[in-house]
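*Asks:* Predicted model, plus sequence, below.
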Amino acid sequence: MNCKICNNDTKVIFHREVLHKYKINYHQCTTCSFIQTDEPFWLDEAYKDPINIDDTGLISRNLMFAKRSSAVLFYLFNSKKKFLDFAGGYGLFTRLMRDYGFNFYWMDPYTQNLFAKGFEFNPSSKQKIEAVTAFECFEHFVQPLNEIENLIKLSDNILFSTKLFTVNTPKPDEWDYYAFSHGQHIAFYSRKTLKFIAKKYGLNLYSNGKSFHLLTRRKTNNTLFNFLLKLSLLGFPELIRFLMGTKIFSDSQLIINKKKQQI
Ligand SMILES: [Zn+2]
(Lines give C-alpha, C1' and ligand atoms only; values in the text may rest on other atoms or scores of the structure.)
Protein backbone atom coordinates (compact mmCIF):
# COMPACT_ATOMS: atom_id res chain seq x y z
CA MET A 1 0.00 0.00 0.00
CA ASN A 2 1.42 3.39 -0.95
CA CYS A 3 1.19 6.40 1.33
CA LYS A 4 -1.89 8.51 0.58
CA ILE A 5 0.09 11.66 1.40
CA CYS A 6 3.52 11.29 -0.22
CA ASN A 7 3.02 8.12 -2.31
CA ASN A 8 6.07 6.40 -0.83
CA ASP A 9 6.20 2.90 0.68
CA THR A 10 4.39 1.98 3.87
CA LYS A 11 4.78 -0.93 6.26
CA VAL A 12 2.19 -2.64 8.43
CA ILE A 13 2.75 -1.59 12.06
CA PHE A 14 -0.10 -3.51 13.72
CA HIS A 15 -3.58 -4.91 13.20
CA ARG A 16 -6.67 -4.46 15.30
CA GLU A 17 -10.39 -5.14 15.23
CA VAL A 18 -12.40 -2.16 14.03
CA LEU A 19 -16.10 -1.88 14.96
CA HIS A 20 -15.43 -4.97 17.11
CA LYS A 21 -15.48 -7.24 14.06
CA TYR A 22 -13.17 -6.36 11.15
CA LYS A 23 -9.49 -7.22 11.45
CA ILE A 24 -7.73 -4.24 9.90
CA ASN A 25 -4.09 -3.48 9.19
CA TYR A 26 -2.57 -0.12 10.05
CA HIS A 27 0.16 1.02 7.66
CA GLN A 28 2.79 3.64 8.32
CA CYS A 29 4.70 5.59 5.70
CA THR A 30 8.44 5.14 5.91
CA THR A 31 8.97 8.68 4.58
CA CYS A 32 6.38 11.11 6.02
CA SER A 33 5.25 8.86 8.93
CA PHE A 34 1.54 9.15 8.02
CA ILE A 35 -0.55 6.22 9.32
CA GLN A 36 -3.46 4.87 7.29
CA THR A 37 -5.74 1.88 7.63
CA ASP A 38 -6.51 -0.72 4.96
CA GLU A 39 -8.93 0.70 2.39
CA PRO A 40 -11.89 1.54 4.68
CA PHE A 41 -14.78 -0.60 3.41
CA TRP A 42 -16.58 -0.33 6.79
CA LEU A 43 -17.39 3.39 6.69
CA ASP A 44 -21.10 3.08 5.80
CA GLU A 45 -21.48 1.08 8.97
CA ALA A 46 -19.24 3.43 10.98
CA TYR A 47 -21.28 6.48 9.93
CA LYS A 48 -24.79 5.17 10.60
CA ASP A 49 -24.88 8.10 12.99
CA PRO A 50 -22.45 10.76 11.66
CA ILE A 51 -21.86 12.08 15.16
CA ASN A 52 -20.84 9.47 17.72
CA ILE A 53 -23.22 9.14 20.62
CA ASP A 54 -20.29 8.32 22.88
CA ASP A 55 -18.58 11.59 21.94
CA THR A 56 -19.33 13.35 25.21
CA GLY A 57 -16.62 15.96 24.53
CA LEU A 58 -18.49 17.53 21.61
CA ILE A 59 -19.75 20.63 23.43
CA SER A 60 -16.63 21.46 25.42
CA ARG A 61 -14.49 20.92 22.32
CA ASN A 62 -16.61 23.35 20.32
CA LEU A 63 -16.35 25.96 23.08
CA MET A 64 -12.56 25.59 23.16
CA PHE A 65 -12.23 25.64 19.36
CA ALA A 66 -14.31 28.82 19.22
CA LYS A 67 -12.11 30.55 21.80
CA ARG A 68 -8.91 29.52 20.08
CA SER A 69 -10.19 30.33 16.61
CA SER A 70 -11.44 33.75 17.61
CA ALA A 71 -7.98 34.68 18.92
CA VAL A 72 -6.12 33.38 15.85
CA LEU A 73 -8.55 34.67 13.22
CA PHE A 74 -8.95 38.07 14.84
CA TYR A 75 -5.24 38.72 15.14
CA LEU A 76 -3.78 37.07 12.04
CA PHE A 77 -6.55 37.63 9.47
CA ASN A 78 -9.06 40.21 8.32
CA SER A 79 -11.75 39.55 10.89
CA LYS A 80 -14.36 41.54 8.94
CA LYS A 81 -14.32 39.09 6.04
CA LYS A 82 -16.24 35.90 5.43
CA PHE A 83 -15.29 32.61 7.14
CA LEU A 84 -16.43 29.05 6.65
CA ASP A 85 -16.65 26.05 8.96
CA PHE A 86 -16.12 23.00 6.77
CA ALA A 87 -17.87 19.82 7.97
CA GLY A 88 -19.59 22.01 10.54
CA GLY A 89 -21.69 19.27 12.16
CA TYR A 90 -24.74 20.58 14.01
CA GLY A 91 -23.61 24.19 13.45
CA LEU A 92 -22.60 24.84 17.03
CA PHE A 93 -19.15 26.21 16.16
CA THR A 94 -20.56 28.49 13.44
CA ARG A 95 -23.09 29.89 15.93
CA LEU A 96 -20.41 30.43 18.59
CA MET A 97 -18.19 32.28 16.11
CA ARG A 98 -21.10 34.49 15.04
CA ASP A 99 -21.69 35.15 18.75
CA TYR A 100 -18.12 36.49 18.86
CA GLY A 101 -18.91 38.72 15.88
CA PHE A 102 -17.31 36.81 12.98
CA ASN A 103 -19.20 36.44 9.71
CA PHE A 104 -19.07 32.64 9.78
CA TYR A 105 -20.92 30.19 7.53
CA TRP A 106 -21.60 26.48 7.82
CA MET A 107 -21.30 23.55 5.41
CA ASP A 108 -21.63 19.82 5.99
CA PRO A 109 -23.00 17.32 3.48
CA TYR A 110 -23.53 14.65 6.15
CA THR A 111 -25.05 16.38 9.18
CA GLN A 112 -28.13 18.48 9.82
CA ASN A 113 -27.54 22.12 10.66
CA LEU A 114 -29.35 22.72 13.95
CA PHE A 115 -27.71 25.82 15.43
CA ALA A 116 -26.69 27.96 12.44
CA LYS A 117 -29.77 27.78 10.24
CA GLY A 118 -29.85 30.60 7.73
CA PHE A 119 -26.05 30.69 7.55
CA GLU A 120 -25.41 27.84 5.15
CA PHE A 121 -22.51 28.42 2.78
CA ASN A 122 -23.45 28.89 -0.84
CA PRO A 123 -20.73 27.17 -2.91
CA SER A 124 -21.71 29.13 -6.05
CA SER A 125 -21.00 32.41 -4.25
CA LYS A 126 -17.84 33.95 -5.64
CA GLN A 127 -17.06 35.83 -2.45
CA LYS A 128 -13.63 34.91 -1.16
CA ILE A 129 -13.36 33.06 2.13
CA GLU A 130 -10.75 34.60 4.44
CA ALA A 131 -10.16 31.34 6.29
CA VAL A 132 -11.78 27.96 6.49
CA THR A 133 -11.94 25.93 9.70
CA ALA A 134 -11.95 22.13 9.68
CA PHE A 135 -12.13 20.59 13.11
CA GLU A 136 -11.79 16.87 13.72
CA CYS A 137 -12.01 16.13 9.99
CA PHE A 138 -8.51 15.25 8.81
CA GLU A 139 -8.50 11.91 10.64
CA HIS A 140 -11.73 10.98 8.79
CA PHE A 141 -10.41 11.68 5.28
CA VAL A 142 -10.39 8.69 2.92
CA GLN A 143 -8.43 10.66 0.33
CA PRO A 144 -6.69 13.34 2.42
CA LEU A 145 -4.97 15.16 -0.44
CA ASN A 146 -8.20 15.54 -2.45
CA GLU A 147 -9.94 16.92 0.62
CA ILE A 148 -7.08 19.29 1.41
CA GLU A 149 -7.04 20.50 -2.21
CA ASN A 150 -10.77 21.20 -1.94
CA LEU A 151 -10.14 23.20 1.21
CA ILE A 152 -7.36 25.17 -0.49
CA LYS A 153 -9.77 26.00 -3.34
CA LEU A 154 -12.03 27.61 -0.73
CA SER A 155 -9.26 29.52 1.04
CA ASP A 156 -5.49 29.80 1.34
CA ASN A 157 -5.86 29.72 5.10
CA ILE A 158 -6.95 26.55 6.86
CA LEU A 159 -7.28 26.42 10.62
CA PHE A 160 -7.83 22.84 11.71
CA SER A 161 -7.54 20.25 14.41
CA THR A 162 -6.40 16.67 14.42
CA LYS A 163 -4.38 15.02 17.18
CA LEU A 164 -0.77 14.47 16.16
CA PHE A 165 1.30 11.57 17.30
CA THR A 166 4.84 12.38 18.35
CA VAL A 167 8.12 10.98 17.09
CA ASN A 168 7.38 7.57 18.59
CA THR A 169 4.44 5.94 16.86
CA PRO A 170 1.92 5.07 19.56
CA LYS A 171 1.12 1.40 20.10
CA PRO A 172 -2.54 0.44 19.55
CA ASP A 173 -3.42 0.49 23.26
CA GLU A 174 -1.49 3.68 23.98
CA TRP A 175 -3.55 6.11 21.90
CA ASP A 176 -7.34 6.30 22.08
CA TYR A 177 -7.34 8.43 18.91
CA TYR A 178 -7.10 5.24 16.85
CA ALA A 179 -10.74 4.86 17.97
CA PHE A 180 -11.08 1.23 16.92
CA SER A 181 -14.58 0.91 18.37
CA HIS A 182 -16.28 3.48 16.09
CA GLY A 183 -14.01 2.98 13.08
CA GLN A 184 -14.27 6.55 11.77
CA HIS A 185 -10.61 7.51 12.28
CA ILE A 186 -8.61 6.20 9.35
CA ALA A 187 -5.82 8.79 8.83
CA PHE A 188 -3.23 9.80 11.43
CA TYR A 189 -0.65 12.57 11.10
CA SER A 190 2.58 13.56 12.77
CA ARG A 191 4.15 17.00 12.53
CA LYS A 192 6.39 15.57 9.83
CA THR A 193 3.30 14.61 7.78
CA LEU A 194 1.81 18.10 8.13
CA LYS A 195 5.14 19.66 7.14
CA PHE A 196 5.14 17.53 4.00
CA ILE A 197 1.60 18.68 3.15
CA ALA A 198 2.49 22.34 3.78
CA LYS A 199 5.53 22.10 1.52
CA LYS A 200 3.62 20.30 -1.23
CA TYR A 201 1.10 23.15 -1.49
CA GLY A 202 3.51 26.03 -0.80
CA LEU A 203 1.89 26.83 2.54
CA ASN A 204 3.32 27.63 5.96
CA LEU A 205 2.51 25.40 8.92
CA TYR A 206 1.97 26.68 12.44
CA SER A 207 1.00 24.27 15.17
CA ASN A 208 0.80 23.82 18.92
CA GLY A 209 2.44 20.45 18.27
CA LYS A 210 -0.58 18.62 19.64
CA SER A 211 -3.95 19.15 18.03
CA PHE A 212 -4.40 22.69 16.68
CA HIS A 213 -2.83 23.78 13.40
CA LEU A 214 -2.81 26.46 10.75
CA LEU A 215 -1.86 26.02 7.09
CA THR A 216 -1.56 29.41 5.48
CA ARG A 217 -0.04 31.33 2.62
CA ARG A 218 0.78 34.10 5.14
CA LYS A 219 3.94 34.27 7.14
CA THR A 220 3.72 34.56 10.89
CA ASN A 221 5.59 32.61 13.52
CA ASN A 222 4.92 29.64 15.71
CA THR A 223 5.59 31.55 18.93
CA LEU A 224 2.90 34.10 18.09
CA PHE A 225 0.48 31.33 17.06
CA ASN A 226 0.97 29.61 20.41
CA PHE A 227 0.81 32.88 22.31
CA LEU A 228 -2.60 33.56 20.71
CA LEU A 229 -3.80 30.13 21.82
CA LYS A 230 -2.70 30.98 25.39
CA LEU A 231 -4.43 34.37 25.21
CA SER A 232 -7.62 32.61 24.14
CA LEU A 233 -7.82 31.16 27.66
CA LEU A 234 -7.30 34.54 29.32
CA GLY A 235 -10.35 36.52 28.33
CA PHE A 236 -9.10 37.62 24.90
CA PRO A 237 -12.23 36.16 23.18
CA GLU A 238 -14.45 38.37 25.37
CA LEU A 239 -12.46 41.43 24.30
CA ILE A 240 -12.87 40.32 20.67
CA ARG A 241 -16.64 39.96 21.15
CA PHE A 242 -16.69 43.52 22.55
CA LEU A 243 -14.56 44.94 19.73
CA MET A 244 -16.34 43.13 16.89
CA GLY A 245 -19.87 43.27 18.25
CA THR A 246 -21.78 40.05 18.70
CA LYS A 247 -24.18 38.95 15.97
CA ILE A 248 -26.59 37.32 18.44
CA PHE A 249 -29.23 40.05 18.09
CA SER A 250 -28.65 41.13 14.49
CA ASP A 251 -28.79 37.47 13.34
CA SER A 252 -32.07 36.99 15.15
CA GLN A 253 -33.48 40.08 13.42
CA LEU A 254 -32.15 38.86 10.07
CA ILE A 255 -33.92 35.52 10.44
CA ILE A 256 -37.18 37.15 11.59
CA ASN A 257 -37.08 39.41 8.52
CA LYS A 258 -36.39 36.43 6.23
CA LYS A 259 -39.38 34.60 7.72
CA LYS A 260 -41.60 37.66 7.16
CA GLN A 261 -40.59 37.77 3.49
CA GLN A 262 -41.53 34.11 3.09
CA ILE A 263 -45.09 34.68 4.40
ZN1 LIG B 1 4.04 9.37 3.28
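*Replies:* Cool, the structure landed. As the structure is a prediction and not an experimental result, all values here were calculated from the model.

*Asks:* Okay, strands next: where are they in this structure?
*Replies:* 10-18, 22-29, 35-37, 82-86, 103-107, 129-135, 158-161, 164-165, 187-190, 204-207, 212-216 (DSSP state E).

*Asks:* closest one to residue 171 among these?
*Replies:* Minimum separation from residue 171 across the strands of the chain (CB to CB) falls at strand 10-18, 7.2 Å. To be clear about C-beta, it is placed using only N, CA and C from the backbone, and glycine gets the same treatment.

*Asks:* re the thing from before, can I get the strands of the chain in a markdown table with distance to residue 59, mean neighbour count and mean pLDDT?
*Replies:* As requested, these are arranged in a markdown table below (distance: least, CB to CB, whole Å; neighbours: other CB atoms under 10 Å; pLDDT from 0 to 100):
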| stretch | distance to residue 59 | mean neighbour count | mean pLDDT |
| --- | --- | --- | --- |
| strand 10-18 | 27 | 15 | 97 |
| strand 22-29 | 30 | 18 | 98 |
| strand 35-37 | 28 | 24 | 98 |
| strand 82-86 | 16 | 23 | 97 |
| strand 103-107 | 17 | 23 | 97 |
| strand 129-135 | 13 | 23 | 97 |
| strand 158-161 | 15 | 22 | 98 |
| strand 164-165 | 23 | 20 | 96 |
| strand 187-190 | 25 | 22 | 98 |
| strand 204-207 | 24 | 19 | 98 |
| strand 212-216 | 18 | 24 | 98 |
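
*Asks:* how about those, which one is nearest residue 96?
*Replies:* Closest to residue 96 of the strands of the chain is strand 103-107 (CB to CB; 8.6 Å).

*Asks:* Other residues contacting the closest one?
*Replies:* With contact meaning CB atoms under 8 Å, 6 or more residues apart in numbering, strand 103-107 is reached by 80-88, 91, 93-94, 97-98, 113, 116, 119-121, 123, 247.
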